[in-house]
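Undergrad: Compute the structure for the input listed below.
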Amino acid sequence: MTSPASPTTTTPERTETVTQPPAPAGEPAVHSPTGSPAEASSDAPPESPTDAPADRASAKAEMAEPAPRARRSPDVRAGARRAAHLTGAGITRLRTLLAEIAWVSCLLAATALLLGAVLVVLDANTRNALVEAVLRAADWVDLGVFSRTAGVKQFSGDNAVVKNTVTNWGLGAVAWLVVGRVGRRILTPRS
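TA: Here you go, the predicted model:
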């Protein structure tokens, strides 16, 4: 190990660039061989300590100026292609979202019909607010085509109401699932 004072050890010198104030109008600036302004002569008055903060502030202001931006490509078609690509991605996301909304809506409609049919089979208390809400929702989503009183198939005789409800609302639930699946397939973009 060598000691820090040995001649083989070198330490890099730290150099700082200090911005000098511009020379007064009558005096030419003297430049050193490195290109930075040097002190003009020994008879010039020494800088006062109050000038140093102003120099630092101007140096910071110069450093804070943003670098000039690179020129943009004049090829307008490239920008148009990029915009079309971004628009295409947005449309793809929108179609995917609409497909999922359609599927969930149809799934909820089928669920309401099936729950309504189960409640009718179990002869649930229709004065209960929850049972009443489910039966009302099922009556609304059956669209009149799969109604439990005047639907696709009508039974008569013993337990006719239960048979009508299970048959018609069951068919309605299957129809909602098929419509939801087809709608989801149509709306989802192909990749």
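Undergrad: and residue 150, helix, strand or coil?
TA: coil (DSSP: H, G, I helix; E, B strand; the rest coil).
Undergrad: Give the residue spans of the protein that score low on pLDDT.
TA: Within the chain, the stretches with pLDDT under 70 are 1-54, 57-74, 76, 79-86.
Undergrad: which residues in it form helices?
TA: Assigned by DSSP state H, the helices in the chain fall at 51-64, 76-121, 129-141, 160-187.
Undergrad: okay, the angle between the second one and helix 129-141?
TA: I take that to be helix 76-121. 120 degrees (axes from the mean of the first three to the mean of the last three C-alpha atoms, to 10 degrees).
Undergrad: who does helix 76-121 touch, helix- and strand-wise?
TA: When contacts are defined as 3 or more C-beta pairs under 8 Å, 6 or more residues apart in numbering; DSSP states H and E, helix 76-121 sits against helix 129-141, helix 160-187. For the C-beta atoms, the positions are set from N, CA and C on the backbone; glycine is no exception.
Undergrad: Which of the residues in the last one are classified as buried?
TA: What that stands for is helix 160-187. 162-173, 175-177, 179-180, 183-184, 187 (16 or more other C-beta atoms under 10 Å).
Undergrad: now swap in the shortest one and tell me
TA: Counting neighbours by 16+ other C-beta under 10 Å, one finds that the buried residues in helix 129-141 are 131, 134, 135, 137, 138, 139, 141.
Undergrad: Can you tell me the closest non-neighbouring residue to the fourth one?
TA: This points to residue 137. residue 112 (4.4 Å; C-beta to C-beta, 6 or more residues apart in numbering).
Undergrad: With the third one instead?
TA: Using C-beta to C-beta, 6+ apart and skipping the chain neighbours, the partner closest in space to residue 135 is residue 116 (5.3 Å).
Undergrad: related to what we said a few turns ago, tell me which of the helices of the chain lies nearest to residue 149.
TA: Closest to residue 149 of the helices of the chain is helix 160-187 (C-beta to C-beta; 7.0 Å).
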